[in-house]
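*Asks:* Sequence first, predicted model second:
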Amino acid sequence: MKAVTWIGVDIAKDSCVVAQRCPEGFQTEEFPITPQGLKALGNWLPQQPRLQIVLEATGPYWRAFTSGFNSVAPEIPIAVVNPRRVRDFAKASPHASKTDLLDAQVLVHFAETFQPGLMEASANRADRQLRALTRHALQLTQQRDQVRDQMEKATADPDTPKFVLRSLKRHLQHLEKALKLCWSQARVNLDQDPQLRQCSRLLLSIPGIGEKTALTLISEYGAGLLQVGPKQLTRYAGLDVVFFQSGSSVYRLPRISKQGNWRIRRALYMAALSAIRHNPIVRSYYLKLVANGRPKKSALVAAMRKLLHQCYGILKNQSPFDPTYA
């Protein structure tokens with residue numbers, strides 16, 4: 001099978017620098033991120049069957065690129081990689097300089113070396129809109145919790161003016177109303193897409209997975225929930241275990257990488273707390289680990305991975321949760 005031809009794309013606010021290998025080394029070109037510019041990029045790319053774009057998930061601009069390019073060349077997959085991994089890889093390269101041109105070339109080197117899987121930017125507009133809604137809901141939740149904390153402290157202080165208390169109360173009510181409307185709109189968006197609605201129905205059959213967790217997983221993973229395996233899903237969530245060992249000396253205990261999507265970890269953490277009580281498979285797994293001496297915090301992280309693997313299994317098989325299947 002012919003190897004993948006990687007195209008590195010370094011994204012800026014209004015333009016992108018694109019690099020591809022050629023006999024002389026690299027061929028690079030800059031294109032504006034406009035409908036005309038992306039169409040020109042599609043025409044500039046070589047006509048090969050195994051062509052794939054790789055870019056970093058940095059800032060908000062890469063989403064505008066992927067959205068526009070998917071409408072021009074939907075047949076070309078786009079792999080979105082963790083910028084930290086690319087940055088660490090670039091530090092080991094012989095180039096001391098940093099330019100957009102070199103960044104695009106480094107992306108090609110990185111992709112050729114590690115062959116990143118297709119945890120890709122979704123071409124589905126419904127996915128992207130649902131992600132925007134769930135992320136906004138998370139921001140509202142964090143703001144609400146912050147205001148609640150401020151209000152609790154202000155109420156406990158006898159010197160707090162009544163104006164401050166009324167202001168905090170109104171602000172809290174506003175955030176709670178906005179949060180309720182945001183989740184409501186997320187449910188409306190999900191119900192309008194048959195595939196997303198089916199994914200939600202299957203996920204909700206798992207004890208421990210609630211509506212907000214299901215919406216978060218669907219929106220953050222997008223099409224990647226079915227396009228990659230459980231190991232890649234685990235790594236994307238930052239739940240993969242990393243080891244620190246040199247010879248016979250162990251410097252630190254194994255821990256999770258935390259280099260993936262923290263929103264997924266947050267959702268799975270809350271879901272796992274419920275699953276170790278109500279999900280028979282996860283509960284049995286968690287209790288077995290604790291009985292064998294695993295610290296409860298470490299066992300809970302393992303339960304989060306187990307729960308994520310259950311999500312993958314029921315979506316892959318398109319069948320609801322079965323407690324007899326471990």
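*Replies:* Here it is on my side, so go on.
*Asks:* Only C-alpha atoms from now on, for both contacts and neighbour counts.
*Replies:* Fine.
*Asks:* quick one, domains of the protein?
*Replies:* Split into domains by automatic domain parsing, the chain comes to 5-114, 126-192, 218-317.
*Asks:* Now do the helices in the stretch 101-250 of the chain.
*Replies:* In the stretch 101-250 of the chain, the helices defined using DSSP state H, counting those that start in this stretch lie at 125-156, 162-191, 194-203, 211-221, 224-227, 230-236.
*Asks:* Redo the ones you listed as TSV? Include mean pLDDT and mean neighbour count.
*Replies:* Below are the helices of the stretch 101-250 of the chain laid out as TSV (pLDDT from 0 to 100; neighbours: other CA atoms under 10 Å):
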stretch	mean pLDDT	mean neighbour count
helix 125-156	94	16
helix 162-191	97	16
helix 194-203	93	18
helix 211-221	94	22
helix 224-227	69	18
helix 230-236	85	19
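*Asks:* residues of the helix or strand encompassing Val282 that come out buried?
*Replies:* Using DSSP states H and E, Val282 maps to helix 280-291. Within helix 280-291, the residues that count as buried by 16 or more other CA atoms under 10 Å are 281-283, 285-287, 289.
*Asks:* Out of those, which is nearest to Ala137?
*Replies:* Among the buried residues of helix 280-291, Val282 lies closest to Ala137 (CA to CA), at 27.6 Å.
*Asks:* ok, that closest one touching Ile276?
*Replies:* Yes - Val282 is in contact with Ile276 according to CA atoms under 8 Å; the separation is 5.6 Å.
*Asks:* Overlap of the contact sets of the two?
*Replies:* Ala303 (CA atoms under 8 Å, 6 or more residues apart in numbering).
*Asks:* For the closest residue to Ser200 other than its chain neighbours, list the residues it contacts.
*Replies:* What sits nearest to Ser200 in space, not counting adjacent residues and going by CA to CA, 6 or more residues apart in numbering, is Ala214, at 5.9 Å. Contacts for Ala214 (CA under 8 Å, 6+ apart) come out as 200, 203-204.
*Asks:* before we move on, back to that, let's have the helices of the stretch 101-250 of the chain in a markdown table, adding distance to Asn317.
*Replies:* As requested, these are arranged in a markdown table below (distance: least, CA to CA, whole Å):
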| stretch | distance to Asn317 |
| --- | --- |
| helix 125-156 | 21 |
| helix 162-191 | 21 |
| helix 194-203 | 10 |
| helix 211-221 | 16 |
| helix 224-227 | 10 |
| helix 230-236 | 13 |
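*Asks:* any idea how far Tyr61 is from Ala12?
*Replies:* To Tyr61, Ala12 is 7 Å away according to CA to CA, to the nearest Å.
*Asks:* same check, this time on Ala79
*Replies:* 15 Å.
*Asks:* Look at those two and report which has more neighbours.
*Replies:* Neighbours were counted for Ala79 and for Tyr61 using other CA atoms under 10 Å; Ala79 has more, 23 against 16.
*Asks:* Alpha carbons of stretch 303-316, in CSV - could you do that?
*Replies:* The C-alpha coordinates for stretch 303-316 follow below in CSV (Å, rounded to 0.1, in the frame of the first residue of the first chain):
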residue,chain,number,x,y,z
ALA,A,303,-12.7,3.5,36.1
MET,A,304,-12.8,6.6,33.9
ARG,A,305,-10.9,4.6,31.2
LYS,A,306,-13.2,1.6,31.6
LEU,A,307,-16.2,3.8,31.2
LEU,A,308,-14.7,5.4,28.0
HIS,A,309,-14.1,2.0,26.6
GLN,A,310,-17.7,1.0,27.3
CYS,A,311,-18.8,4.1,25.4
TYR,A,312,-16.6,3.1,22.4
GLY,A,313,-17.9,-0.5,22.5
ILE,A,314,-21.6,0.3,22.5
LEU,A,315,-21.1,2.9,19.7
LYS,A,316,-19.0,0.5,17.6
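*Asks:* in it, what's buried?
*Replies:* Those would be 303-315, for stretch 303-316 by 16+ other CA under 10 Å.
*Asks:* correct me, but Cys16 touches Pro32?
*Replies:* Yes - counting by CA under 8 Å, Pro32 is a contact partner of Cys16 at 6.3 Å.
*Asks:* of those two, who's got more company?
*Replies:* Neighbour tally, Cys16 and Pro32, criterion other CA under 10 Å: the higher count belongs to Cys16, 25 against 18.
*Asks:* Find the helix or strand that that one is a member of.
*Replies:* Per DSSP H and E: strand 15-22 holds Cys16.
*Asks:* go on, Ser67?
*Replies:* Per DSSP H and E: helix 61-72 holds Ser67.
*Asks:* Tell me how far that helix lies from the chain's centre.
*Replies:* 17 Å (CA atoms, centre = their mean, to the nearest Å).
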